[in-house]
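**Student:** Below are the sequence and a predicted model for it; my questions follow.
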Amino acid sequence: MEQGLSSQRVQAVARELLDAHDRATLIESIAARDPAFDLDAAYLVAAELMRLRRARGARPVGRKIGFTNRGIWARYNVDAPMWAHVYEDTVRYAEGGKAAVSLAGTVSPRMEPEILFKLRTPVPAGCSDAQELLRAAEWYAHSVEIVHSHFDWKFRLADATADWACHARLVIGEPQAIRAQDIADLARALPQVRVALLRDGVRQIEGVAASVLGSPAFALGFLADLLARQPFMQPLAAGELISTGTITDALPVKPGETWSTEISGLPLQNLSITYTD
């Protein structure tokens, strides 16, 4: 991969983003300030940020994929999906379908309803068969990602990618095991899954999982293919959690609100999340 930024500039951008993360502050678009800051450069910055975060003791446990829903690309001024690591301290499992989530340290937080997989094996690159992709997964679950933006959602794709792909928190519902005999049915059902977001019991938005690259299963293939072109990133491994991207647009959340999901089409647990300071 040809590097558009010097290593010194990559490190400087990473430090700027890390400082914005630590202080929960807004910054201006890097891509608007620096024409050399493209998507390739953004992933180099993301790799440096992962190194810095691990040096602080954070442990990566998987990946989030963002902007897999083509229906929201125009709203966010992007034209492709992106990915970033998720960490042990940003992931939690709902208990009985419920979770309390602090928004401390987030900037302009929003929530996204998703489908998540835990990998049994590495995902094969160059694969476009949903069943084959699903064979790489041990289980699936309904999840909610809390995303945020140090650019206040005024960015270019390179900005959002470097900014941890907007990741802040990830709440995971009850896992459903993927058995070999169920994979064909699961592959057919996944695109038909529907989910709605409700705020304090009032429905706000709903969507269908086919919006996620045709199926959340295909998001796994997208990530495997992209990582095959990124030798400076760690390849996918068994045990990783993979959040496949939002089924609806992301909606703003704030402390004091309780949001819930209604999901249908597969035996998945609805989630209820109360947001706190």
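**Tutor:** Happy to help now that I have it. This is a predicted model, so every value here is computed, not measured.

**Student:** rest of the way, CA atoms for contacts and neighbours
**Tutor:** OK.

**Student:** Show me the helices in the stretch 151-277 of the chain, by range?
**Tutor:** With DSSP state H, counting those that start in this stretch as the criterion, the stretch 151-277 of the chain has helices at 157-162, 183-189, 216-228.

**Student:** hey, which of those helices is tucked in deepest?
**Tutor:** Among those, ranked by average contacts under mean count of other Cα atoms under 10 Å, first place goes to helix 157-162 (a mean of 26).

**Student:** Distance-wise, check the residue most central in space within the chain relative to residue 203.
**Tutor:** By Cα atoms, centre = their mean, the chain has its centre lying nearest to residue 64, at 3.0 Å. For residue 64, the distance to residue 203 (Cα to Cα, to the nearest Å) stands at 26 Å.

**Student:** quick one, strands of the chain?
**Tutor:** Remark: strands assigned in the chain by DSSP state E are 60-66, 82-87, 91-93, 98-102, 110-119, 137-147, 167-172, 176-177, 194-199, 202-208, 241-243, 251-252, 258-264, 272-276.

**Student:** May I see those strands organised as a markdown table, with distance to residue 42 and mean pLDDT added?
**Tutor:** Formatted as a markdown table, these follow (distance: least, Cα to Cα, whole Å; pLDDT from 0 to 100):
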| stretch | distance to residue 42 | mean pLDDT |
| --- | --- | --- |
| strand 60-66 | 14 | 98 |
| strand 82-87 | 10 | 98 |
| strand 91-93 | 23 | 98 |
| strand 98-102 | 28 | 98 |
| strand 110-119 | 22 | 98 |
| strand 137-147 | 18 | 98 |
| strand 167-172 | 15 | 98 |
| strand 176-177 | 34 | 98 |
| strand 194-199 | 31 | 98 |
| strand 202-208 | 30 | 98 |
| strand 241-243 | 20 | 99 |
| strand 251-252 | 25 | 98 |
| strand 258-264 | 32 | 98 |
| strand 272-276 | 31 | 98 |
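
**Student:** Using CSV, lay out those together with distance to residue 41.
**Tutor:** Formatted as CSV, these follow (distance: least, Cα to Cα, whole Å):
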stretch, distance to residue 41
strand 60-66, 17
strand 82-87, 13
strand 91-93, 27
strand 98-102, 32
strand 110-119, 26
strand 137-147, 22
strand 167-172, 19
strand 176-177, 37
strand 194-199, 35
strand 202-208, 33
strand 241-243, 23
strand 251-252, 29
strand 258-264, 36
strand 272-276, 34
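
**Student:** how about the helices of the stretch 151-277 of the chain, which one is nearest residue 112?
**Tutor:** Taking Cα to Cα, helix 216-228 is the member of the helices of the stretch 151-277 of the chain nearest to residue 112, at 13.8 Å.

**Student:** pLDDT of that closest one, averaged?
**Tutor:** Helix 216-228 shows a mean pLDDT of 98.

**Student:** Which strands and helices lie in contact with it?
**Tutor:** Contact partners of helix 216-228 among helices and strands, from 3 or more Cα pairs under 8 Å, 6 or more residues apart in numbering; DSSP states H and E: helix 130-134.

**Student:** which strands and helices sit next to the helix it packs on?
**Tutor:** So helix 130-134, by 3+ Cα pairs under 8 Å, 6+ apart, packs with helix 183-189, helix 216-228.

**Student:** who touches that helix?
**Tutor:** Contacts of helix 130-134 with the rest of the structure, by Cα atoms under 8 Å, 6 or more residues apart in numbering, involve 123-124, 127, 183-184, 187, 217-218, 220-221.

**Student:** again, only using 7 Å
**Tutor:** For helix 130-134, contacts defined as Cα atoms under 7 Å, 6 or more residues apart in numbering pick out 123, 183-184, 187, 217-218, 220-221.

**Student:** got a markdown table for those, with distance to residue 207 too?
**Tutor:** Shown next, in a markdown table, are the contacts of helix 130-134 (distance: Cα to Cα, whole Å):
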| residue | distance to residue 207 |
| --- | --- |
| 123 | 26 |
| 183 | 23 |
| 184 | 23 |
| 187 | 18 |
| 217 | 17 |
| 218 | 17 |
| 220 | 20 |
| 221 | 22 |
